[in-house]
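Asker: What would the 3D arrangement of this be:
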Amino acid sequence: MALPVQINPKHNKSTLERVCFYYEENFIRGLLRGCIGGASLNCINLVVPMNPCPCGFYPDRERCRCTPFEVRRYLNRVSGPILDRMDICVEAVPMAFADMTCSGEAEGSSQVRERVMAARKRQESRFAGSGLHFNADMGAGDVARYCALEEAELRYMERMFAAMQLSARAYHRILKVARTIADLDNSDRIGTIHLAEAICYRQSDHKYWN
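Answerer: Next up is the predicted model:
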């Protein structure tokens, strides 16, 4: 069973930080398990939706009417520690007219579902008897065991660790996301291409916070 937990940067900053801390410490999972009568919760998704500014149009200055102070105050509600705890940060950009009228065939929902279910089975097999269910459940010790990198990938992450000034938490989260990407790619090993994609999901963390 999976339940979404949704918070918003418009909430009080200290409230956001407490929610993220409780989520990381599995407090929310235990609380919800008690509220729903002990049902099994394999995962809880923490979703933090936000606009780049109060009106939602920044950095498009043709439409955005927010002052620099208003933009900064809004963004500062999401602190560095909160961003560091996010596995994936993606930007939803407006769809261009050409994209809507493109005749190319995209991957259908049924195909996506098949890949996700195959990745899920791969994880169930990997963690059988370990007490873990999904890649997201791994702690630091589990990451070292299940996300071991070969020499080329290790050297790549060494460079990225220094260049991006990653924390230990961010490093482990990148490896867990890369492990999931590799599972979706039906790959037993984590390759550089999987690590690079996982890193891309963190680079957007600081797009507006620089």
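Asker: So which other helices or strands are in contact with the strand or helix carrying Thr180?
Answerer: Secondary structure from DSSP states H and E places Thr180 in helix 168-184. Counting by 3 or more Cβ pairs under 8 Å, 6 or more residues apart in numbering; DSSP states H and E, the packing neighbours recorded for helix 168-184 are helix 109-126, helix 140-146, helix 151-163, helix 192-203. C-beta: built from backbone N, CA, C; applies to glycine.
Asker: Now with 10 Å, please.
Answerer: helix 80-84, helix 109-126, helix 140-146, helix 151-163, helix 192-203 (3 or more Cβ pairs under 10 Å, 6 or more residues apart in numbering; DSSP states H and E).
Asker: Quickly note the distance from Glu17 to Val78.
Answerer: Glu17 sits 10 Å away from Val78, going by Cβ to Cβ, to the nearest Å.
Asker: What of Arg169?
Answerer: For Arg169 relative to Val78 (Cβ to Cβ), the value is 16 Å.
Asker: for Lys176, same thing?
Answerer: For Lys176, the distance to Val78 (Cβ to Cβ) stands at 21 Å.
Asker: gap between stretch 185-200 and the chain center?
Answerer: 15 Å (Cα atoms, centre = their mean, to the nearest Å).
Asker: And for stretch 195-203?
Answerer: 10 Å.
Asker: Can you show me the CA trace of it as CSV?
Answerer: Coordinates of each C-alpha in stretch 195-203 appear next as CSV, following Å, rounded to 0.1, in the frame of the first residue of the first chain:
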residue,chain,number,x,y,z
LEU,A,195,24.2,7.7,-12.4
ALA,A,196,24.2,10.6,-14.8
GLU,A,197,20.4,10.5,-15.0
ALA,A,198,20.0,10.3,-11.2
ILE,A,199,22.4,13.3,-10.8
CYS,A,200,20.3,15.3,-13.3
TYR,A,201,17.3,15.0,-10.9
ARG,A,202,19.3,16.7,-8.3
GLN,A,203,20.9,19.5,-10.3
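Asker: out of Arg169 and Val78, which sits in the busier spot?
Answerer: Val78 (20 against 13; other Cβ atoms under 10 Å).
Asker: is it true that that one lies in a helix?
Answerer: No - under DSSP: H, G, I helix; E, B strand; the rest coil, Val78 sits outside any helix and is assigned coil.
Asker: State the number of residues packed around Ala182.
Answerer: 23.
Asker: So it sits against His194, correct?
Answerer: Yes - with contact defined as Cβ atoms under 10 Å, Ala182 and His194 form a contacting pair (4.5 Å).
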